[in-house]
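Novice: Quick one: sequence and predicted model below, then my questions.
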Amino acid sequence: MADYICMECKYEGPARKSKRGSKKLEVIGWMMFPFGLPYTIWRMVTKIKVCKHCGGQSLLPLSSDAGKRLSEIARQELTGGKTLITAKEKADTVPKPSAPLTPPPPRRAPSEDPGTW
Ligand SMILES: [Zn+2]
């Protein structure tokens, strides 16, 4: 059976199946006979997976990419791992050598000498 990870409490393990809707409505539906039947069928069909630990409905399958990532994050939180040190600070301290841009010398148009003629 596939395991799930809870997005709310980071619980990992098999999910608990829970029926949607309320028992109360089902009973009321059955008292007004024809309505109870489709409601009961709907509840049986639309079973949802909930967290065994907190009852949350935001479960991700551990086999999925998102589930794996969440599991990794949860593990890092548990171990208090501060392994994720970004190189941002380092990049900020490195001074950028600013090369002064010297404008190219203006091109002088070849002066025509009318006196040579
Ligand atoms: Zn949970």
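Specialist: Nice, thanks for sending it over.
Novice: list the helices and strands the strand or helix carrying residue 75 packs on?
Specialist: If you go by DSSP states H and E, residue 75 is part of helix 65-79. Counting contacts by 3 or more Cβ pairs under 8 Å, 6 or more residues apart in numbering; DSSP states H and E, helix 65-79 is packed against strand 4-6, strand 59-61. All C-beta spots, glycine's among them, are computed from the backbone N, C-alpha and C.
Novice: in its sheet, what does the last one sit against?
Specialist: For strand 59-61, sheet partners with direction are given as strand 4-6 (antiparallel), following DSSP bridges.
Novice: residues in contact with the strand it pairs with?
Specialist: The contact list for strand 4-6 (Cβ atoms under 8 Å, 6 or more residues apart in numbering) reads 11-15, 49, 51, 53-54, 56, 58-62, 67, 70-71, 74.
Novice: Within reach of the ion, which of these are there?
Specialist: By Cβ under 5 Å from the ion, the members of the contacts of strand 4-6 lying near the ion are 11, 51, 53, 54, 56.
Novice: Which ones among those lie within strands?
Specialist: Applying DSSP state E to the ones next to the ion among the contacts of strand 4-6, no entry is found in strands.
Novice: Low-confidence ranges, the chain, go.
Specialist: The chain contains residues with pLDDT under 70 at 1, 81-100, 109-112, 114, 116-117.
Novice: how does it look with 90?
Specialist: 1-2, 7-8, 10, 15-50, 55-59, 63, 73-117 (pLDDT under 90).
Novice: Nearest residue to the middle of it?
Specialist: residue 66 (7.1 Å; Cα atoms, centre = their mean).
Novice: So what's the residue count around the nearest residue to that one once chain neighbours are set aside?
Specialist: Among residues not flanking residue 66 along the chain, residue 60 sits closest, at 5.2 Å (Cβ to Cβ, 6 or more residues apart in numbering). Residue 60 sits with 17 neighbouring residues when counted by other Cβ atoms under 10 Å.
Novice: interface residues of the chain facing the ion?
Specialist: So far as Cβ under 5 Å from the ion goes, the chain lies against the ion at 6, 8, 9, 11, 51, 53, 54, 56.
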